[in-house]
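A predicted structure for the sequence below; I have some questions about it.
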Amino acid sequence: MKAIGYSAFGAASNVLSVLDIPTPTPAEGEVLVRVTYSGVNPSDVKARSGSRPGVTKPAFPVIVPHSDGAGVIEAVGAGVDPSRVGNRVWIWNGQWQRAFGTCAEYIALPSVQAVNLPDNVSEQIGAVLGIPALTAVHTVLGAGPVAGKTVLVSGGAGMVGHLAVQIAKASGARVIATASAAKAELVIASGADSVLDYRAEDLTVQILAANDGELIDHAVEVEFGQNADMLADVMAPNSRIASYGSAQAMRPEIPFYPMMFKAITLEMALIYILTDAQRQLAIANLTSLLQQGAISPRIDPAYAFDDVAKAHEAVEGNTRDGAVLVKTG
């Protein structure tokens with residue numbers, strides 16, 4: 001089969017190449033998926049470039065990148081219901097701690113990691129669900145319902161933030177989001193009740209004003225370090241902050257006592273290592289929202305298989321408007 005692979009860290013155009021490797025055979029408990037779309041995420045770009053701290057060489061001699069994808073089950077291994085053959089599915093953790101991810105014509109992986117797509121959901125959307133959508137649904141709904149609450153979403157124009165706004169609104173929350181002024185209309189269109197410029201010097205005041213002077217019940221945070229002091233001010237007693245990033249301040253100072261005296265729960269959300277119960281809940285919530293038509297991710301035109309390096313560069317250079325996909329089949 002045709003696959004994209006790399007054996008050394010480096011620039012996408014230097015290390016990614018088209019390979020001809022054997023089509024995998026599903027082992028016991030596995031399914032073989034004919035991949036139609038492979039999703040490219042920032043984590044895939046960081047892994048290929050070697051920018052993760054302490055990692056000096058690839059973990060495997062050859063790596064087929066990308067954890068997200070969608071396609072159709074073509075075969076099953078022993079112990080898997082044969083009726084799964086022909087099912088359209090989306091994939092999570094396709095290349096997490098594995099050599100071969102979704103940027104190939106086929107992938108074999110545990111059956112549980114290939115989730116049936118609702119009939120009303122395209123395979124392009126399916127290829128966005130593994131990291132962005134699961135992160136969004138877990139950070140919004142992982143601790144319980146948000147109906148009647150106010151949810152603050154930082155970075156509401158980003159992939160996860162965009163989906164988090166939609167999920168929170170569809171789940172009955174009032175949604176306040178932050179974004180650049182240039183992206184405000186986009187975030188309003190995704191369902192936010194208020195969109196505030198994250199650069200505003202009086203952001204704390206604006207957040208509270210947007211919530212009628214009341215403190216915030218729940219926050220989905222993409223830049224915890226930059227926003228920790230603001231969060232300590234705006235969050236309500238016994239509220240929750242679900243943070244999935246802090247790239248601009250990777251060793252942040254935490255206003256411990258202001259947060260402690262509000263008994264704020266701070267969760268570091270890493271979608272790759274959710275517990276089985278957490279993942280089952282996230283998938284169930286996501287499936288329900290998809291069936292309702294409540295989630296509509298932005299997706300850029302898909303890149304051709306031979307243009308994977310350009311797809312990586314679009315993510316790396318932040319020159320995309322939506323999710324970046326590679327058409328593999």
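On my side now, so go ahead. Fair warning: this is a prediction, and the values are worked out from it, not measured in the lab. Numbering: from 1, shown residues only.

give me the element V140 is part of.
Element membership for V140 (DSSP states H and E) is helix 134-141.

what does whichever helix or strand comes after that helix rub up against?
Sequence-wise, the next helix or strand downstream of helix 134-141 (DSSP H and E) is strand 150-153. Contact partners of strand 150-153, identified using CB atoms under 8 Å, 6 or more residues apart in numbering, comprise 140, 161, 164-165, 168, 173-178, 192, 207, 211, 214, 216-220, 234. For glycine as for every other residue, the C-beta is placed from the backbone atoms N, C-alpha and C.

list the buried residues for the helix ranked longest in the chain?
Longest among the helix segments of the chain by residue count, using DSSP state H, is helix 276-291. If you call a residue buried by 16 or more other CB atoms under 10 Å, then helix 276-291 has these buried ones: Q278, R279, L281, A282, I283, N285, L286, T287, L289, L290.

report the contact partners of the fifth one.
Put plainly, it is I283. Per CB under 8 Å, 6+ apart, neighbours of I283: V115, L134.

the second one too?
By CB under 8 Å, 6+ apart, the residues touching R279 are W92, L134.

just to revisit the earlier point, quick one: the longest helix of the chain to helix 134-141, angle?
100 degrees (axes from the mean of the first three to the mean of the last three CA atoms, to 10 degrees).

may I have helix 276-291 exported as PDB, CA atoms only?
The C-alpha trace of helix 276-291 is given here as PDB (Å, rounded to 0.1, in the frame of the first residue of the first chain):
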ATOM      1  CA  ASP A 276     -11.700   4.400  29.500                       C
ATOM      2  CA  ALA A 277     -14.700   5.900  31.400                       C
ATOM      3  CA  GLN A 278     -13.700   9.400  30.300                       C
ATOM      4  CA  ARG A 279     -13.300   8.400  26.700                       C
ATOM      5  CA  GLN A 280     -16.600   6.500  26.600                       C
ATOM      6  CA  LEU A 281     -18.400   9.500  28.000                       C
ATOM      7  CA  ALA A 282     -16.700  11.900  25.500                       C
ATOM      8  CA  ILE A 283     -17.500   9.600  22.600                       C
ATOM      9  CA  ALA A 284     -21.100   9.200  23.700                       C
ATOM     10  CA  ASN A 285     -21.500  13.000  24.100                       C
ATOM     11  CA  LEU A 286     -19.800  13.600  20.800                       C
ATOM     12  CA  THR A 287     -22.000  11.100  19.000                       C
ATOM     13  CA  SER A 288     -25.200  12.600  20.400                       C
ATOM     14  CA  LEU A 289     -24.100  16.100  19.300                       C
ATOM     15  CA  LEU A 290     -23.200  14.900  15.800                       C
ATOM     16  CA  GLN A 291     -26.500  13.200  15.400                       C
END
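
what's the next helix-or-strand element following that helix packed up against?
Using DSSP H and E, the helix or strand that follows helix 276-291 in sequence is helix 308-316. In terms of contacts (3 or more CB pairs under 8 Å, 6 or more residues apart in numbering; DSSP states H and E), helix 308-316 is packed against helix 12-15, strand 30-40, helix 42-49, strand 324-327.

redo those as a markdown table? Include mean pLDDT, distance to S83 and mean neighbour count.
Shown next, in a markdown table, are the helices and strands packed on helix 308-316 (pLDDT from 0 to 100; distance: least, CB to CB, whole Å; neighbours: other CB atoms under 10 Å):
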| stretch | mean pLDDT | distance to S83 | mean neighbour count |
| --- | --- | --- | --- |
| helix 12-15 | 97 | 39 | 16 |
| strand 30-40 | 98 | 12 | 26 |
| helix 42-49 | 96 | 32 | 20 |
| strand 324-327 | 98 | 28 | 25 |
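
all set, thanks.
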